[in-house]
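Participant: got a predicted structure plus its sequence, pasted below:
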Protein chains: 4
Amino acid sequence: MNETIWDLAHLGHVELLTPKLDQSTRFFTEIMGMSITATAGDSIYLRAYDDYEHHTLKLTASPQAGMRHFAWRTRSPQALQRRVEAIRQTPYAIGWNDGDLGHGPAFEFRSPDGHLTEIYFETEKYRCGPQDQSALKNTASRFPGRGINVRRIDHLNLFASDVRAYRDFQLETLGGIMSESIVDDLENMNPRAVWFMVNSKSYDLAVTLDYLALQGRFHHLTYAVNSREEVLIAADICLENGIQIETGPHKHIIQQTFFLYVYEPGGNRIEIANTTARLITDPDYKTVFWTMEERKRGQAWGLPTIPSFHTQGTPMPSP
Amino acid sequence: MNETIWDLAHLGHVELLTPKLDQSTRFFTEIMGMSITATAGDSIYLRAYDDYEHHTLKLTASPQAGMRHFAWRTRSPQALQRRVEAIRQTPYAIGWNDGDLGHGPAFEFRSPDGHLTEIYFETEKYRCGPQDQSALKNTASRFPGRGINVRRIDHLNLFASDVRAYRDFQLETLGGIMSESIVDDLENMNPRAVWFMVNSKSYDLAVTLDYLALQGRFHHLTYAVNSREEVLIAADICLENGIQIETGPHKHIIQQTFFLYVYEPGGNRIEIANTTARLITDPDYKTVFWTMEERKRGQAWGLPTIPSFHTQGTPMPSP
Amino acid sequence: MNETIWDLAHLGHVELLTPKLDQSTRFFTEIMGMSITATAGDSIYLRAYDDYEHHTLKLTASPQAGMRHFAWRTRSPQALQRRVEAIRQTPYAIGWNDGDLGHGPAFEFRSPDGHLTEIYFETEKYRCGPQDQSALKNTASRFPGRGINVRRIDHLNLFASDVRAYRDFQLETLGGIMSESIVDDLENMNPRAVWFMVNSKSYDLAVTLDYLALQGRFHHLTYAVNSREEVLIAADICLENGIQIETGPHKHIIQQTFFLYVYEPGGNRIEIANTTARLITDPDYKTVFWTMEERKRGQAWGLPTIPSFHTQGTPMPSP
Amino acid sequence: MNETIWDLAHLGHVELLTPKLDQSTRFFTEIMGMSITATAGDSIYLRAYDDYEHHTLKLTASPQAGMRHFAWRTRSPQALQRRVEAIRQTPYAIGWNDGDLGHGPAFEFRSPDGHLTEIYFETEKYRCGPQDQSALKNTASRFPGRGINVRRIDHLNLFASDVRAYRDFQLETLGGIMSESIVDDLENMNPRAVWFMVNSKSYDLAVTLDYLALQGRFHHLTYAVNSREEVLIAADICLENGIQIETGPHKHIIQQTFFLYVYEPGGNRIEIANTTARLITDPDYKTVFWTMEERKRGQAWGLPTIPSFHTQGTPMPSP
C-alpha cells in the first residue's frame, strides 16, 4: 500500500475579482473584521487576525466577479519540489512565476477544469507592530473587536464542469484524502461533489458540480470564527449592514460545518463558518459517500439546500 | 534543511490506573458521557462518541492512580517502521507486543522520564450498531445527550523530572514540532514545559516539570467538547455531581485552550477543553517561548496558575 | 391615563392531550430532560429543572392531541380576586374549581376562541429531595445533564379563529401589554397575530390566526434553555433520536426568539428556545407592528416561515 | 397579607464620576460598544444599543471616581406619586428636580447610606435615525459590531456601611423583593449583602457591606451581553486593549450571573454579564440566604471571591 501524500500544508490564499473594489474592501475590513496588509496596483491584500501569512485574500479590480487564482502552501521546499515534478507529468503544468507580495516563487498550473492554481513554500509570515500586537503571543495579531472578527481562512469551494477529473488530478498529483463525496448513487459512484483534506481539518477544498456546465468558476471562500455563537452574531451583523444573506445559519450534514452564506458587494459568495471541535486525525480515513437520494433530506436539521447553490457562481454568464 | 518528520498521526489512547474502578467508570460514562466498548480482566475500554477507534481510554484497576501506558498512532505502516528504527537507535526501545483489544502490534519504549509508551498503526475502527448509529454518517457514533458529551480525546499532559531530555527525544526520534515552551528565561532557554504538535491541533502531548522531581508521573488527560459553552455546562455538571473541580473554566494563555480541570474519583486529573477554532497549519511554525517572568501573569485573563499544578500528579508519593 | 394592569405573574402550566402517553412522556423526560413529579389517573405531571412549581406540564391520555387547558398564576390573592371580578363581567366566566395536584382553587373561563383557561394564586412550590437538590441553592432542582436540559416553561402559542376578540379580551380583562402584533396593513390594523407580555419576558402568550378557521386549537408550547448553543445541541439530539424537526434553529424576527420547532410523539408542536438577553422592562412599551408585507421577508435572517405554521395545530380535523 | 409593591419598573440610569473623562468615554464607546447621545457641560450621555431610553449612563468629569446619582424609573405616573409619598414619610426625602436631558421631573432622595437617588416616570425614548436604525424593529438601535457590544444596562451594586438600613428602607419604601442575601449566620440573620428585584430580572440593585465602613460608595455597574460566549470574548477584548481585568469570567453562585469585572480608565468597576435564561417570575419568591460559612466556598465553580471586592469602591479614600 502506498503512503498517502501529505505534501500540501494548507490552502494559502485566494485572489478574488470584484467590479466594486472599494465596496468589497469595506466589506472585508468593516464587516468581516479583516485587515489590509498591502495595496499594489488594482489589488488589495488582506488577512484575518490569526492568519499567519502576509495575506490570505487578494482583491483585484475587474469588470466581473470571480477568482483569478488560488494557492496551496506545501509542507517544505522538498515537498514543493515533489509536487512540481508530479504536476509536470500532467497536461496542467504552466511554470514558475516570481511570486507576489508576501510569498516567494510559485509554480502555476490549471486544474482540469481550468482554475488557475499555484503552489509555493517560501512565505512572508505576518509581523505585527505595536498597533496590532496581540496580548496572546500565540496569535498572529490582535483580536480586532470589529464586525464579524473572522479568525483565519478556512476553505475554498470551486465549481467544476467535470468533478471526476478534478478529483483524480487532486488525489493523484497533489495528495491528501477525499474525506467526503456526493455520488449519484452507490452503484455508479459518479461524483457530483468532493471534499479534499490535506491536514487535520476535514477539508481545505471542495469541488462541486456546476449545473450550468461552465468551466473554472468560483463557488465560495470561507473564513472561520471561533464559535457557532459568532456565526449567529455574524448573521445579525450582515442583516444590520444590508449584506445579502443567501442561506443559514444552519449545519451542513456533509462536514458538519455550521455555516452562513452571504454575498460580498462584488458578487462573490462568502461563507462564515465554525466546525465546532471536528477534526479528522485518522490518517487512513475512509471517504464518506452521500447519494443524491440522501441529499434530498437537506442539511443536518432539514433545511433544504438552496437551488442557487448549484448554479450561482462567479463569473455569472451574461444573460 | 531537513524536512520535519510527520510520521505520528495522533495520540491514540491512554491507560489510566484507578483504585476505584467502578466509580471511575461511572464518572467516564455518566458524567463525561463516554461509552464502554469492552471489558477484559481488570480493564474497561472506553471511547467518546466521535473517537474513531475502538477505545481512547483504558481504565485498569490498581492500588494507586496513575498511567500505565499511552500510545501514538502513526500515519502509515511505513511511518511506523521508520519510527521503530529511530527508537531502536536510542536507549529507550523495549520491543514489539502483540497489541491489545482494538489495535494491532505495537512497539513499546520508555520516555526518557520512564513513561511506558507504544506506537502502532493497525487499528480496529469503531463500528456502531443500530443502537448508537449517528444520523450524521460522518460521526463515529451517536451524540449521547448524557452528561458532558465529550467528543474526542484531545491531548495528554505528563510530568517529567527532566523536560529537556523528553523534548530532545520526542523531536529527534518521533518528530513533529514543539509549538510552545516555557523556559526559565530567554538567556538560558532551560525548558520547564513543552508542547508537541504532530498534526494540525496545536498539541497532542504536553510535558511539564514535576516540582516533586519524581519520574514518569501523569499530569492530566483531556477530552474535547464542541464549544466553550459546553465547558461551562460541564462545570455545572461536575458541581451538581460532587466531582472535585480544581480550577477553571478559564483560558490558558499558552495554547489558548479553554479549560476545566477536575479529578475523577480514582484520583487522576481530567481536563474538559475547547480550543475554539485554533489550529496550526503552518508547517514551519516557530516555537512560542514563555519565560517564568511572563508566567507570573497567570492565565489569559489573569487567573493565577493553581500551585497544585506543579506537584499534584499520579501516582502521589506516600505521605 | 389608566395604569396598566400587572395582575398576572406568568404562564403557570399547560395540559396537553396525547394519544401516545408513554411515548410523549419519554420524549419530555429523556429528550427534553424534564422530570415527573406525579402520576394520577391518565395524567403525568412534569416540570423542567428550574420550574419552581409542582408542574408546568400535565400530559393526559386522549384519543387525539391538543390542549385541555392552560393556566395563569396571579401576583397575589388580591390580584386573583380582581381578575376574577373582571372575568365575571364577560360572557367567558365558568367558575371556581378545587384546584389540582400542585395548586389551589382556580377560576375557570374560556377564551373568546373557546380555549379552557384557569387563573390561580395558591401553589405548591417544588421541594427537591436529596436526589435532585441543586448545588446552586437558587435553582429549583439539579441540572439534569440529560438530553436537552430545558430550564423552564417559557410561553404558549394558541391558534384562534378570531384574533381580535382574543386580543381585546386579554388586554381589557387580564391586563399586561401587547408587545408585538402582525396586522394586515397599517391602514386597517386588522390583527393576525398578537403577543402578550405580563412580566419582563417579552411574551408569555402568543395568539395567531388559524388559517383553517377552527376554534380553540393549540399551536405550540415552549421551554427555554440557557443559550443558543443549547438550542443547536437540541437540534442534534432531536435528529439523533428521530424526533421530527419542523423548522429551525433560526431567529424569529418577531420577538427575536432563537427557535427550534419539533413534534412530540403525540403530535403536539413543541419549541425549544432562547431569547438571549432580551427583556422588556419599559412599562409603557409601545406595540411593535408588523405588516403582512413585512412578513414576506421571512424570519430574521431570511428563512421563509414554514406554511404548516398557519394550519398545523392540534387537534387536527379528520381528513 | 399585604401585596408586594411593584411600582418600580427598572434601574434607569447611573451618573458616574471620572477624573479621565476622555479615556472613560473612549472605554464605553470603543470597548463596551456604547453610543453617545448627548454632551452637555462636563457630562457625556451614553446608551447601549438596546437601551430604550435616551441614556443609561452619564459620565461626568470630576477630580475623583465615584457615583453622583442613580435613578429608578417607575411603572406609571401614579406609581411615581405613590413612591414619592412613601419617601416623604422617611428622613431621606430631598425633593423634586426639573429632570435632565432625556427624562422629566425626578424626585430626589438619599439612601440610608447617603447615595443620591432619584425616581422618575417621564422619559424620552431613544429614537434612532437612518444611521443606527436596526433591521430588527424590536431593537432600540442597530447592533454595533464594535468591541463588546453590550446590549442593555443590567444592574447596579452599591457599597453600604449599614446594609440592614438600606434593605429596610428599600423594601418598605420602594417595594419589590429581596431575592437573595448574605447573612452572618442563620441565627442572627445579620445582613451583609442584599439583592433587590423589581421586575423579572433576579436583581436590579445589590447592596454589599463596605469593609472600609465608608458611606455611600459605588461598587460596580453592569451591562448585559447576549450570551456567555460574548462575556468570554469581552475578556479577550479587554486583555487586548489593556483594560484591567479584576476577576472572571466565572459564574457567581449568588444570582448565577456569568461575570467579568474590569476597571474603566477613570477607576470605576464595571461588570459585563450574562444571566443565561434565569428569571424570577414567582411573585412571592422566598429570599435565598447564604451564610458567611457558605461563602467560603467561593463562586459557583470554586473561584475564591477576590478580596478587593470588599474594599475597593469609588471614591477610594486618600492613602
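Facilitator: That came through fine.
Participant: can you tell me the residue of chain A closest to chain D?
Facilitator: Residue nearest to chain D within chain A: A:Glu229 (4.0 Å; CB to the nearest CB). Heads up, the C-betas are built off the backbone N, CA and C, glycines and all.
Participant: count the residues that sit near the spatially closest residue to that residue that is not a sequence neighbour.
Facilitator: For A:Glu229, the nearest residue in space outside its immediate sequence neighbours is D:Glu229; the separation is 4.0 Å by CB to CB, 6 or more residues apart in numbering or on different chains. Here the count is done by other CB atoms under 10 Å in any protein chain shown, and D:Glu229 has 26 residues near it.
Participant: check A:Arg127 too.
Facilitator: For A:Arg127, the tally of surrounding residues (other CB under 10 Å) stands at 10.
Participant: a strand runs through it, doesn't it?
Facilitator: No. Secondary structure of A:Arg127, determined by DSSP: H, G, I helix; E, B strand; the rest coil: coil, with no strand assignment.
Participant: could I get the full set of helices for the stretch 51-200 of chain A?
Facilitator: Counting by DSSP state H, counting those that start in this stretch, residue ranges of the helices within the stretch 51-200 of chain A are A:77-88, A:163-169.
Participant: what's near enough to touch the residue nearest to A:Glu229?
Facilitator: With contacts defined as CB atoms under 8 Å, 6 or more residues apart in numbering or on different chains, D:Glu229 is in contact with A:227, A:229-230, B:227-229, C:227, C:229.
Participant: follow-up on the earlier one: so which of the helices of the stretch 51-200 of chain A gets nearest chain B?
Facilitator: For chain B, the closest of the helices of the stretch 51-200 of chain A is helix A:77-88, at 5.3 Å, according to CB to the nearest CB.
Participant: what helices or strands is the strand ranked longest in chain A leaning on?
Facilitator: Selection of the longest strand in chain A by residue count, based on DSSP state E, yields strand A:8-18. Strand A:8-18 sits against strand A:57-61, strand A:66-74, helix A:77-88, strand A:152-160, strand A:218-224, with contacts defined as 3 or more CB pairs under 8 Å, 6 or more residues apart in numbering or on different chains; DSSP states H and E.
Participant: for that strand, list the C-alpha coordinates in PDB.
Facilitator: Taking only C-alpha atoms (Å, rounded to 0.1, in the frame of the first residue of the first chain), the coordinates of strand A:8-18 have been written out as PDB:
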ATOM      1  CA  LEU A   8       0.300  20.200   0.900                       C
ATOM      2  CA  ALA A   9       0.200  22.100   4.200                       C
ATOM      3  CA  HIS A  10      -2.900  24.100   3.700                       C
ATOM      4  CA  LEU A  11      -4.900  26.500   1.400                       C
ATOM      5  CA  GLY A  12      -2.700  29.600   1.100                       C
ATOM      6  CA  HIS A  13      -4.600  32.400  -0.400                       C
ATOM      7  CA  VAL A  14      -7.300  33.200  -2.900                       C
ATOM      8  CA  GLU A  15      -7.400  36.100  -5.400                       C
ATOM      9  CA  LEU A  16     -10.900  37.300  -5.900                       C
ATOM     10  CA  LEU A  17     -12.000  39.600  -8.700                       C
ATOM     11  CA  THR A  18     -14.500  42.400  -8.000                       C
END
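Participant: partners of that strand in the sheet?
Facilitator: strand A:57-61 (parallel), strand A:66-74 (antiparallel) (DSSP bridges).
Participant: give me the next element, helix or strand, following it.
Facilitator: helix A:21-26 (DSSP states H and E).
Participant: what's the first helix or strand after that next one?
Facilitator: Using DSSP H and E, the helix or strand that follows helix A:21-26 in sequence is strand A:35-40.
Participant: flag every buried residue along that next one.
Facilitator: Applying a neighbour-count criterion of 16 or more other CB atoms under 10 Å in any protein chain shown, the buried positions in strand A:35-40 are A:35, A:37.
Participant: give me the angle between the following helix or strand past that strand and strand A:35-40.
Facilitator: Taking DSSP H and E as the definition, the helix or strand that follows strand A:35-40 towards the C-terminus is strand A:43-47. Per axes from the mean of the first three to the mean of the last three CA atoms, to 10 degrees, the angle that strand A:43-47 makes with strand A:35-40 is 160 degrees.
Participant: by contact count, what packs against strand A:43-47?
Facilitator: With 3+ CB pairs under 8 Å, 6+ apart as the test, strand A:43-47 has helix A:21-26, strand A:35-40, strand A:57-61 packed against it.
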